[in-house]
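**Student:** just to be clear, the model below is a prediction. Sequence and coordinates:
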Amino acid sequence: MKLFSNLTSLIILLFALYYLIQNPEQLNVLSLLSPGIIISLIFLKLFTLFINSNFNKILLKSFNLNISNRESLYLGSLTFLGNLYLPARSGGNLRMLYLNRKYKFKTPELASMYLYFFIVTIFLNSLIGIICLFLIYKSRDFLFYSSITFFIIMFVLSSFLTFRRFNFGIEKNKSKPITWFINLKRSWNKITSNSIIRTRLIFLTLLNYLFFALEAFLLIGALFSETNLFKIFYYNSLSVISSLASFTPASIGIKDSIIYLSGKILELNLSDVIGLMIAERVLLILFSIIPASLLIINKHN
């Protein structure tokens, strides 16, 4: 799987580079971003970094681990950089490795934390995606039904798991895989059984969503003069969910394809999608200087 992810990422990156060499005019989209817009977007991304870092801190409280704000920011920066520059959303793996080495967290605990972030993110984004799709797309064609089916399946599964507490047996002589799975459910229950922590995690996820949506509003508004909030929210939901499913650095190729397939709903053509994706990646690379600096500062203190 790792070899497949690395090979696919390399092929997509080479193809993207070749495309830009053959179509350099696509880079003209960057001229539409004023210094004020760039600074505002980077500032918003810094807020989301703080929110994600706080999410990790609160999530760890489920396991009776209280880390400092500084360490939570370190974890958030590590996760961001890993997801941006490495394949297979390696930021989450780096976070898990750090917690395993420093605090001796076992894999069931780490897996439950990793999965809960995915589940609660899908829960909110799929719900908003369903609402916005009905509001912005009036055609009841194949694209509508396939899109709404996708979001409903994601919402039903994630809403079930977000609040789910599992039972686990007490039989003896279990095999290692079964024991591991039972420990996973036990770790999951530590998160979902604490209503205060669960509520705070959902609130932070919603807050993060709103900041991401504001980023999208500023960026899409600057590039295409689009001001329809429901289209922005729909794009944001689709963007976040597709990023979670990506196995390439910065979701390159995967997220782009999903946005393009929904281009009719968002009223974006291929050139618009490519321009938007270029602007997003450039901004991410510019912003990455901040979390990289935070890692370096933390290492030398």
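**Tutor:** Arrived safely, thanks for sending.
**Student:** buried sites along stretch 236-253?
**Tutor:** The neighbour-count check on stretch 236-253 (16 or more other Cβ atoms under 10 Å) flags 236-244, 246-253 as buried. For the C-beta atoms, the positions are set from N, CA and C on the backbone; glycine is no exception.
**Student:** who's in contact with that stretch?
**Tutor:** With Cβ atoms under 8 Å, 6 or more residues apart in numbering as the test, stretch 236-253 has contacts from 5, 8-9, 12-13, 15-16, 83-89, 118, 121-122, 125-126, 128-129, 132, 151, 154, 209, 212-213, 216, 254-255, 258-259, 262, 277, 281, 284.
**Student:** first-to-last residue distance for it?
**Tutor:** This stretch, stretch 236-253, spans 17 Å end to end (Cα to Cα, to the nearest Å).
**Student:** how far is that stretch from where the chain is centred?
**Tutor:** Relative to its chain's centre, stretch 236-253 lies at 7 Å (Cα atoms, centre = their mean, to the nearest Å).
**Student:** ok, stretch 94-108 next?
**Tutor:** Relative to its chain's centre, stretch 94-108 lies at 20 Å (Cα atoms, centre = their mean).
**Student:** can you list the buried residues in that stretch?
**Tutor:** 94-96, 98-99, 105, 108.
**Student:** show me the contact partners of it.
**Tutor:** Identification of contacts with stretch 94-108 by Cβ under 8 Å, 6+ apart yields 56, 60, 63, 65, 75, 78-79, 82, 110-111, 113-114, 180, 183-184, 186-187.
**Student:** now it: average pLDDT?
**Tutor:** For stretch 94-108, the mean pLDDT works out to 89.
**Student:** ok, stretch 256-263 next?
**Tutor:** Stretch 256-263 shows a mean pLDDT of 89 in the predicted model.
**Student:** return stretch 205-213 as CSV; C-alpha atoms alone will do.
**Tutor:** In CSV, the C-alpha atoms belonging to stretch 205-213 read as follows (Å, rounded to 0.1, in the frame of the first residue of the first chain):
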residue,chain,number,x,y,z
THR,A,205,-14.7,20.9,14.2
LEU,A,206,-17.5,23.2,13.3
LEU,A,207,-15.4,26.2,14.1
ASN,A,208,-12.6,24.8,11.9
TYR,A,209,-15.2,24.3,9.1
LEU,A,210,-16.3,28.0,9.3
PHE,A,211,-12.7,29.2,9.1
PHE,A,212,-12.1,26.9,6.1
ALA,A,213,-15.3,28.2,4.5
